[in-house]
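Asker: 3D model of this:
(chains A, B, C, D and E)
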Amino acid sequence: MEIWRVKDELVCTRRAPGLKSASLRVLQGQTGNIQVATDPVGAPVGKWVFTTLGSAARLAMPDPSVTTDLTICGIIEGWEE
Amino acid sequence: MEIWRVKDELVCTRRAPGLKSASLRVLQGQTGNIQVATDPVGAPVGKWVFTTLGSAARLAMPDPSVTTDLTICGIIEGWEE
Amino acid sequence: MEIWRVKDELVCTRRAPGLKSASLRVLQGQTGNIQVATDPVGAPVGKWVFTTLGSAARLAMPDPSVTTDLTICGIIEGWEE
Amino acid sequence: MEIWRVKDELVCTRRAPGLKSASLRVLQGQTGNIQVATDPVGAPVGKWVFTTLGSAARLAMPDPSVTTDLTICGIIEGWEE
Amino acid sequence: MEIWRVKDELVCTRRAPGLKSASLRVLQGQTGNIQVATDPVGAPVGKWVFTTLGSAARLAMPDPSVTTDLTICGIIEGWEE
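Answerer: Numbering: from 1, shown residues only, chains lettered A, B, ... in the order given. Alright, predicted model coming up:
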């Protein structure tokens, strides 16, 4: 499970129906790389989080039929970059 | 879910039957890397999009039996490189 | 299966329900990269371990419904960095 | 789906039974990296191709029980490196 | 499927039960990276091999319930580094 900082919310148009109404976050990784994740825990911007990817990302959603490949699984306390 | 810019459409021959008639796009990533994705949302060249990979890529297609590993899930508004 | 050194335990809040009560470890890889793994073997901090990822990470847990993507599978003896 | 150039055929011994009689190709990627793929489309050496990975690689084979993780899905026309 | 050289056998303690009695090899990749793989073909140290990863790694084992994510699928003849 990777560690990221929440950078922003994502505003998108023409969203695939499979994403349903899932909340989306822009995450920044340890090397500056950017990814988009579904967020079932309500992670605020600036917080450090960890994510699961692949089929585990869907299982971590309250609705496992959401077509995500990256889901926030928890907020980390006291993390130093 | 990764973020890409749509670079082009893909012209290919001897296509595997499992791809069916899916629309294909050439995408360019944040480090200049190139991938091919199936596109169910009709993303125009030049737009920023985000994708799901792995088994989620198939679930994001209207026909989940298409043998893709990368599918465009939405068009991002107001993204700065 | 990747090789890592156990760096720390992970303290987190607002944990996704799918993780249940799984023990979490912070691992450091060969290039200094950091990941979080579920730990069913009780690996002490400082030990070298190897992990499975993806769906195999869930199957390696005593409870395969835990929504992990990285699980410690064994402790390596006599590993030199 | 990644883009590669077909570099060679692969000669191997003690092949796992799960590969059956699948045709194997050595592919070279955009950064010079090398991988082995199963080839159901008959891609000639020197041609540019794109591949699916993971479980999609098996679904793209005429026999989806072949234990591959990378399958050639099509030959690209007019690709400039 | 990736290409590796067999570097060593792996000695480990507190092994996860899901690995059963599978033979483990330490592999070195093209960029010097190290991974651990299950070995159903009996690959000797020093030989070049190719592997499948993900769910295909389990299907390539004689017993597909072994919780591996990387399995040796064949020994390559006449490979030059």
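
Asker: got a list of what the residue nearest the centre of chain A touches?
Answerer: The C-alpha lying nearest the average C-alpha coordinate of chain A belongs to A:Ala37 (Cα atoms, centre = their mean; 2.7 Å). Residues in contact with A:Ala37 (Cβ atoms under 8 Å, 6 or more residues apart in numbering or on different chains) are A:Trp4, A:Leu24, A:Arg25, A:Leu27, A:Thr51, A:Ala57, A:Thr68, A:Leu70, A:Thr71, A:Ile72, B:Met1. All C-beta spots, glycine's among them, are computed from the backbone N, C-alpha and C.

Asker: helices or strands up against the worst-scoring helix or strand of chain A on mean pLDDT?
Answerer: Least confident element among the helices and strands of chain A, by mean pLDDT, DSSP states H and E: strand A:12-13 (a mean of 82). Using 3 or more Cβ pairs under 8 Å, 6 or more residues apart in numbering or on different chains; DSSP states H and E as the contact test, the elements touching strand A:12-13 are strand B:70-76.

Asker: now the residue nearest to the centre of chain A: which helix or strand?
Answerer: strand A:34-38 (DSSP states H and E).

Asker: hmm, back to that, show me what the residue nearest to the centre of chain A bridges to in the sheet.
Answerer: Beta-bridge pairing of A:Ala37, defined through DSSP bridges, involves A:Arg25.

Asker: ok, it to A:Lys7 distance?
Answerer: 11 Å (Cβ to Cβ, to the nearest Å).

Asker: please enumerate the shared neighbours of the two.
Answerer: What both A:Ala37 and A:Lys7 touch, as defined by Cβ under 8 Å, 6+ apart, is the set A:Arg25, A:Leu27.

Asker: give me phi/psi at the residue in chain A positioned nearest to chain D?
Answerer: In chain A, the residue that lies nearest chain D is A:Gly54 (8.6 Å; Cβ to the nearest Cβ). Backbone torsions of A:Gly54, given as degrees, to the nearest 10, read phi 70, psi -150.

Asker: same question, A:Gly18
Answerer: Torsion angles, degrees, to the nearest 10, at A:Gly18: phi -60, psi -20.

Asker: A:Arg58 too?
Answerer: Main-chain torsions, A:Arg58, degrees, to the nearest 10: phi -70, psi -40.

Asker: please apply the same query to the one 3 residues further on.
Answerer: Note on A:Met61: backbone dihedrals following degrees, to the nearest 10 are phi -90, psi 150.

Asker: so it makes contact with A:Thr71?
Answerer: Yes: using Cβ atoms under 8 Å, A:Met61 is in contact with A:Thr71, at 5.8 Å.

Asker: mutual contacts of the two, please.
Answerer: Joint contacts of A:Met61 and A:Thr71 (Cβ under 8 Å, 6+ apart) are A:Thr38, A:Pro40.

Asker: what about the two, which has more around it?
Answerer: For A:Met61 versus A:Thr71, neighbours defined as other Cβ atoms under 10 Å in any protein chain shown are more numerous around A:Thr71 (27 against 20).

Asker: ok, now which ones touch the closest residue to A:Asn33 other than its chain neighbours?
Answerer: Closest residue in space to A:Asn33, ignoring its immediate chain neighbours: B:Gln30 at 6.8 Å, by Cβ to Cβ, 6 or more residues apart in numbering or on different chains. Going by Cβ under 8 Å, 6+ apart, B:Gln30 touches A:Asn33, A:Ile34, B:Ile3.

Asker: one more: A:Gly29?
Answerer: A:Glu2, A:Ile3, A:Trp4, A:Gln35.

Asker: so which of those residues is the closest to chain E?
Answerer: Nearest to chain E among those, with distances taken as Cβ to the nearest Cβ, is A:Glu2, at 16.2 Å.
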